[in-house]
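[1] what follows is a predicted structure for the sequence shown.
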Amino acid sequence: MIDAPRSRPAALLAWAALFCVLSGLLGGCAKRPLPDYGFAPQTWNVFNAHYRVRPQAPAFAVSTSLAWSSGKKSARILIDLWGAFSHADMPDGGAGSGAIIRMDAWSNLGGSLCNLREGTDGLAALYPDQLKAYTHSDPVIGARLLGLPFPFSLADFAALLYGDFTDLVPERYDAVEALPKGGYRYTFRTGRVRSLSLDKAARPLAMSGQTSVPEEYREKLGGLWSIDFSNYPDSAAPAPADPAQPEKARAPMAERLFLTLPGDNRGSLRIQSRELKLDEWPDKAMTLNLPEGVEVRALDGAPRDWTTGRPEGEEPMPGDNDQP
């Protein structure tokens, strides 16, 4: 006996169910709902457990694209960032305490715009098309004087891109308020970060603070900054760190950061690739190469070996692995 054909609605429901099963196996179909920790202290504890964790590798490499606007000017820039993680709580000379960060910025139309090197001895920046190089003992002030879109050091920014808020966000909050769509906004009386908003699953949504510069630079470089985090991968909750799989050891990390700096400066940063490296970068990968005819200028008036940022005649800093 041949079964009677199914009705059209029943057949559509069957196909829809099969599609959802197959899509679910392939990572599609309906997303799992995010957990809701319900209370501000519990949400904060989950954040501390998953976003106050050091990356499970000594070095990193990140490729990003930045859509940047300053007043009426705008540009699209490709940024490669690599180096070793630098941790403020490490003792002098400890692994990572003297970390070096390198950054290359490219025009999306082709051509190198800027090459940076940051270490414990300061910042060095090369502008190849202008045949000019600049140094400063303070990486934050140096970068801001050059108009670079970072409210804190590249070392802090690198940790942030890997979901490590340890050195930026205070361990305890002073006040908290509920957000309209769930989650909480925590505020702090002291520190570089003055507010941090978390969604109901304890993932960072936004943070803001005051640019940390000495008083003589405050009028020109000071002011409030903010960063919004979005485009998290489909994940119901932060996964526990697994040292055996460093590429999977992080809590869910935002794929897009929107930066706002003083002076009508804004940028949308998208992560194109993010890699943890089990071996440190070789010295040659962390050194800038000086083309002939480059004019060097010390922004703070202190002559330096511009490839390292180190003042002339000064001994290497602990943990600085360059070979002058």
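    Yes, it's here. A quick note: this is a predicted structure, and the numbers were derived from the prediction, not measured.

[2] doesn't Tyr217 belong to a helix?
    Yes. Note on Tyr217: a helix contains this position according to DSSP: H, G, I helix; E, B strand; the rest coil.

[3] what count of nearby residues applies to it?
    By the measure other CB atoms under 10 Å, the count of residues near Tyr217 is 16. The C-beta positions use only the backbone N, C-alpha and C, and glycine is treated the same way.

[4] repeat for Pro204
    Summarising burial for Pro204: neighbours were counted as other CB under 10 Å, giving 26.

[5] Gly71 now?
    Counted with other CB under 10 Å, the burial measure for Gly71 works out to 9 neighbours.

[6] now Glu104, what are its backbone angles?
    If you look again at residue 104, you'll see it is Asp, not Glu. When read as degrees, to the nearest 10, the backbone of Asp104 gives phi -120, psi 130.

[7] okay, now it: neighbour count?
    Around Asp104 there are 17 other residues, counting by other CB under 10 Å.

[8] what count of nearby residues applies to the residue nearest to it when sequence neighbours are not counted?
    Leaving aside its chain neighbours, Asp104 sits nearest to Asp80 (4.8 Å; criterion: CB to CB, 6 or more residues apart in numbering). Other residues lying near Asp80 total 16 when counted by other CB under 10 Å.

[9] what's the answer for the one 3 residues further on, then?
    By other CB under 10 Å, the residues close to Gly83 number 26.

[10] what strands line up against the helix or strand hosting it, and which way round?
    Counting by DSSP states H and E, the secondary-structure element that holds Gly83 is strand 73-84. Applying DSSP bridges to the sheet, strand 73-84 is found paired with strand 59-70 (antiparallel), strand 101-107 (antiparallel).

[11] quick check: phi and psi at the residue positioned nearest the centre of the chain.
    What sits nearest the mean C-alpha location of the chain, by CA atoms, centre = their mean, is Leu161, with 2.8 Å. For Leu161, the backbone dihedrals (degrees, to the nearest 10) come out as phi -60, psi -20.

[12] contact partners for the closest residue to it other than its chain neighbours?
    Distance criterion CB to CB, 6+ apart; nearest residue to Leu161, sequence neighbours excluded, is Val62 at 5.6 Å. Taking CB atoms under 8 Å, 6 or more residues apart in numbering as the contact definition, Val62 lies against Asp80, Leu81, Trp82, Ala158, Leu161, Ile271, Ser273, Arg274, Glu275.

[13] could these go into JSON lines alongside distance to Val296?
    Output for these, formatted as JSON lines (distance: CB to CB, whole Å):
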{"residue": "Asp80", "distance to Val296": "23"}
{"residue": "Leu81", "distance to Val296": "23"}
{"residue": "Trp82", "distance to Val296": "24"}
{"residue": "Ala158", "distance to Val296": "26"}
{"residue": "Leu161", "distance to Val296": "30"}
{"residue": "Ile271", "distance to Val296": "33"}
{"residue": "Ser273", "distance to Val296": "33"}
{"residue": "Arg274", "distance to Val296": "33"}
{"residue": "Glu275", "distance to Val296": "32"}
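
[14] buried subset of those residues?
    Neighbour-count burial (16 or more other CB atoms under 10 Å) is assigned, among the contacts of Val62, to Asp80, Leu81, Trp82, Ala158, Leu161, Ile271, Arg274.

[15] of these, which is the nearest to Ala285?
    Closest approach to Ala285 among the buried ones among the contacts of Val62 (CB to CB): Trp82, at 7.3 Å.

[16] how far away is the closest one from Phe150?
    The gap separating Trp82 from Phe150 is 16 Å, by CB to CB, to the nearest Å.

[17] any low-confidence regions in this protein?
    In the predicted model of the chain, residues 1-32, 87-98, 212-214, 220-222, 235-250, 303-324 satisfy pLDDT under 70.

[18] what sits up against the strand holding Gly83?
    By CB under 8 Å, 6+ apart, the residues outside strand 73-84 that reach it are 58-69, 96, 99-108, 113, 118, 154-155, 157-158, 161, 269, 280-281, 285-286.

[19] now with 7 Å?
    By CB atoms under 7 Å, 6 or more residues apart in numbering, the surrounding residues in contact with strand 73-84 are 58-68, 96, 99-108, 113, 154, 158, 280-281, 286.

[20] again, but for stretch 137-147
    Taking CB under 7 Å, 6+ apart as the rule, stretch 137-147 contacts 118, 122-123, 125, 134, 136, 150, 152-154, 212-213, 217, 221, 299-300, 302.
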